[in-house]
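Q: what shape does this take:
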Amino acid sequence: MKCLRSFEVERPGNPPVPPAPPGRGLFRSACPESPKPDNLPRRTLAGRLGAVLLVCTGHLPCQASLLTPADFVVPDLETAELRIPGEDLPLSKPGQELGDWVLSRADHEAAREELADLGLALEGERYGEALEILRTRPISVFEEIERRLWEARILIEMERFPEANAILQRLRAAGQSSEPRLELLQILARVESGGTAAGEWDETLLSKRFPLDPWLIRIFAGSRGTPRSELFLAPLRDADDAGAPSPVLCDAAAHLFGQGDFAPAQEMAQRALAVDPLEARGHFLMGSSLLADRNFGSARKALLRAIRLRPDHPESFTNLATALHRLGRKEESLLMLILALENRIDSAEAWHNYLILLARELLPANTLRDLPHPPKEPVSSPARWHWQSAVSAIEEGDAEASIGHFLRSLSLDLNDPNTHNDFAVFLIEAGRKPLALPFLRAAAFLSPDSKLVEGNLDSLVVEVRELALRSAIAELEKKLSHRDQVAERISLAGLLEQSGREEEAIEQWRIVLDSDPDSIDHRLSLSRVLSRAGRFSEALSNMRPVLEVDPENPEWLFRAAWLLLQLPEPTGAERDEAVELASLACELTGNRNRDCLELLARALSAQGREREAEALRKRLREWDEAAGKPE
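A: The predicted structure follows:
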């Protein structure tokens, strides 16, 4: 294995390690020079990496640790079971829940405008701002009692209990004592202020048996943490689906899953999806419950739907990996765990499963069992002993022992950037570059100031991206040679564009457009790729039919005006049209969109109206000065 320079992050008690002599490769490790491990099994991951794998290329902020030992323990990589993460009830952030529920009341455009600021203030837990909005702005979708109940609820969140109780007492005095939320809020105020024990809270709620009210169950009962199953589920089991929105039914499914009641959890998730088929949580909870019930094929389908709707949810990728592994699709399983860790590098469940599957993928049976253990006399750290043993095994050309020791070290301590970096370099040199990505991400997370890790990660990102795109393109071309499908051809066009192969992408978009000449989306995509290839006249020709469909779409007007200005030798009529289109785009955006105004200034200059163009630029400079932005 090639070695360019030693890598050692300073830690208390670690003696300095002298730098190794410079080597020849792109990647750098603490490992000494040794033969390349040719006996490592080599298979490339499926081409479905695509562009998704490498969206996140920024460096993570400095952290003291990735996962604490309490969060992450893998006692035996050979016998440990894969984890199936569920989902905690999302009730730990009252502001988020309050904001979500407020915004869910917006069933038409006017209501959305009225409630948007209030919902966003609550989501950001800016309770003072929310209270001011509630008290001073007209909100037609709230009756007066509901407005007062919201006011009391926010005051309780702000721990202003006397004011909240005063509002509730006035409502009671006004004859609203039959309103269940009023009584519930009074109980909540007593609990939050320390006047009532949590046990009394649960007992009171159970004895009252409030009627089903999602506002009550999700926001008020949830504010005390995870509600008891009897309180949370009893009214839902007897309710028709029309009475319970999908977020409440998803909460119930998550609660049942956490209790190990997988069949009822599936039923509740199905009810949530009947209300809202685009509820990503519903598909995730359905897939996770099916997975726990060992229905791997159906679990895979449900989890894929969850990922399509919400591609930033690591638990969906983690559980999909388990389903694929159980179905014998091992390479895809590893890919899903890589994507889970790309979404969240400190996911305990994803790391747990990734290390287990790597051990099964890269090592023959019993390799880990036959590894030597740290000596009986005290050692500073068993994890560090395994790391040093991995380095020694590389020197000796024993790839399997090296992998085993690296995995053992990481299963004992996931917070050592040296182990992550060196194992990543080992996998890279062995030709398993995608598998190395999570380890370099972790090293960068744990040691954000290390230029060596940064260099390794940047090099790997470029190489894996190119590998992923080539592999994905080849796979799609192979599929299209057997059966022509529009969706796959669109994917191929997008990947070709990302690869910088614009001419081939244009050819694919033309075929797609021929299959559906009236598609605005396809024509816009073709226009975009043509402009990237410098074929501005053709791009403009494809924008004109789009503008005929909606001549007052400011984004499309902006694109067409921009293309007119890109023409190598625009005619006077084309310059006039650019000014006309840019002016209309500015007007439709209230003359407040900077991009539109800058484009209009440019169009005016091209038309020879420099004085008007300069007046616009002056206005933009004044905006910058008022905002304190540098010129």
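Q: distance of the residue nearest to residue 522 when sequence neighbours are not counted from residue 531?
A: Residue nearest to residue 522 in three dimensions, not counting chain neighbours: residue 513, with 4.7 Å by C-beta to C-beta, 6 or more residues apart in numbering. C-beta here means a position set from N, CA and C on the backbone, and glycine is covered the same way. To residue 531, residue 513 is 15 Å away according to C-beta to C-beta, to the nearest Å.
Q: between the two, tell me which one has more neighbours.
A: Between residue 513 and residue 531, counted using other C-beta atoms under 10 Å, residue 531 has the larger neighbour count: 20 against 17.
Q: and the helix or strand harbouring the more buried one, how far out from the chain middle?
A: Using DSSP states H and E, residue 531 maps to helix 520-532. Offset of helix 520-532 from its chain centre (C-alpha atoms, centre = their mean, to the nearest Å): 27 Å.
Q: name the residues of that helix that are buried.
A: The neighbour-count check on helix 520-532 (16 or more other C-beta atoms under 10 Å) flags 522, 523, 524, 525, 526, 527, 528, 529, 530, 531 as buried.
Q: which one of those sits closest to residue 352?
A: Closest approach to residue 352 among the buried residues of helix 520-532 (C-beta to C-beta): residue 525, at 40.6 Å.
Q: I figured that closest one hits residue 508, correct?
A: No: between residue 525 and residue 508 there is no contact under C-beta atoms under 8 Å: 9.8 Å.
Q: overlap in contacts of those two?
A: 490, 493 (C-beta atoms under 8 Å, 6 or more residues apart in numbering).
Q: quick revisit: now the helix holding residue 531 - C-alpha only, PDB.
A: Only the C-alpha atoms of helix 520-532 are listed here, as PDB (Å, rounded to 0.1, in the frame of the first residue of the first chain):
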ATOM      1  CA  ILE A 520     -43.300  21.900 -20.900                       C
ATOM      2  CA  ASP A 521     -40.900  20.300 -18.500                       C
ATOM      3  CA  HIS A 522     -39.100  18.300 -21.300                       C
ATOM      4  CA  ARG A 523     -38.900  21.400 -23.500                       C
ATOM      5  CA  LEU A 524     -37.400  23.500 -20.600                       C
ATOM      6  CA  SER A 525     -34.900  20.800 -19.900                       C
ATOM      7  CA  LEU A 526     -33.800  20.600 -23.600                       C
ATOM      8  CA  SER A 527     -33.500  24.400 -23.700                       C
ATOM      9  CA  ARG A 528     -31.300  24.400 -20.500                       C
ATOM     10  CA  VAL A 529     -28.900  21.800 -21.900                       C
ATOM     11  CA  LEU A 530     -28.700  23.600 -25.300                       C
ATOM     12  CA  SER A 531     -27.800  26.800 -23.500                       C
ATOM     13  CA  ARG A 532     -25.100  24.900 -21.500                       C
END
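Q: what's the angle between the following helix or strand past it and helix 520-532?
A: Of the helices and strands lying after helix 520-532 in sequence (DSSP H and E), the nearest is helix 536-549. On the basis of axes from the mean of the first three to the mean of the last three C-alpha atoms, to 10 degrees, helix 536-549 is oriented at 160 degrees to helix 520-532.
Q: which strands or helices does the helix or strand just after helix 536-549 pack on?
A: Later in the chain than helix 536-549, the nearest helix or strand by DSSP H and E is helix 554-566. For helix 554-566, the elements it packs on are helix 520-532, helix 536-549, helix 572-588, helix 594-606, judged by 3 or more C-beta pairs under 8 Å, 6 or more residues apart in numbering; DSSP states H and E.
Q: what residues does helix 554-566 touch?
A: Under the criterion C-beta under 8 Å, 6+ apart, residues 524, 527, 531, 536, 539-540, 543-544, 546-547, 550-551, 570, 574-575, 577-579, 581-582, 584-585, 588-589, 593, 595-596, 599, 602-603, 606 lie in contact with helix 554-566.
Q: let's see that with 6 Å instead.
A: With C-beta atoms under 6 Å, 6 or more residues apart in numbering as the test, helix 554-566 has contacts from 536, 539-540, 543, 546-547, 574, 577-578, 581-582, 584-585, 588-589, 596, 599.
Q: buried residues in that helix, which are they?
A: For helix 554-566, by 16+ other C-beta under 10 Å, it's 554, 556, 557, 558, 559, 560, 561, 562, 563, 564, 565.
Q: closest to residue 464 among the residues you listed?
A: The closest of the buried residues of helix 554-566 to residue 464 turns out to be residue 559 (C-beta to C-beta; 32.8 Å).
Q: any idea how far the closest one is from residue 546?
A: Counting by C-beta to C-beta - residue 559 and residue 546 are separated by 8 Å.
Q: ok, residue 582 next?
A: 16 Å.
Q: what does residue 295 give?
A: For residue 295, the distance to residue 546 (C-beta to C-beta) stands at 45 Å.
Q: show me where the chain has strands.
A: Listed in chain order, the chain contains no strands at all (DSSP state E).
Q: show me what the longest helix seen in it is packed up against.
A: As assigned by DSSP state H, the longest helix anywhere in the chain is helix 451-482. Packed against helix 451-482 by the contact rule (3 or more C-beta pairs under 6 Å, 6 or more residues apart in numbering; DSSP states H and E) you find helix 433-446, helix 486-498.
Q: list the buried residues in it.
A: Neighbour-count burial for helix 451-482 [16+ other C-beta under 10 Å]: 452-454, 456-457, 459-461, 463-465, 467-469, 471-473, 475-476, 480.
Q: how close does the residue nearest to residue 317 when sequence neighbours are not counted get to residue 321?
A: Closest residue to residue 317 apart from its sequence neighbours, by C-beta to C-beta, 6+ apart: residue 340 at 3.6 Å. According to C-beta to C-beta, residue 340 stands 7 Å off from residue 321.
Q: identify the contacts common to the two.
A: Joint contacts of residue 340 and residue 321 (C-beta under 6 Å, 6+ apart) do not exist.
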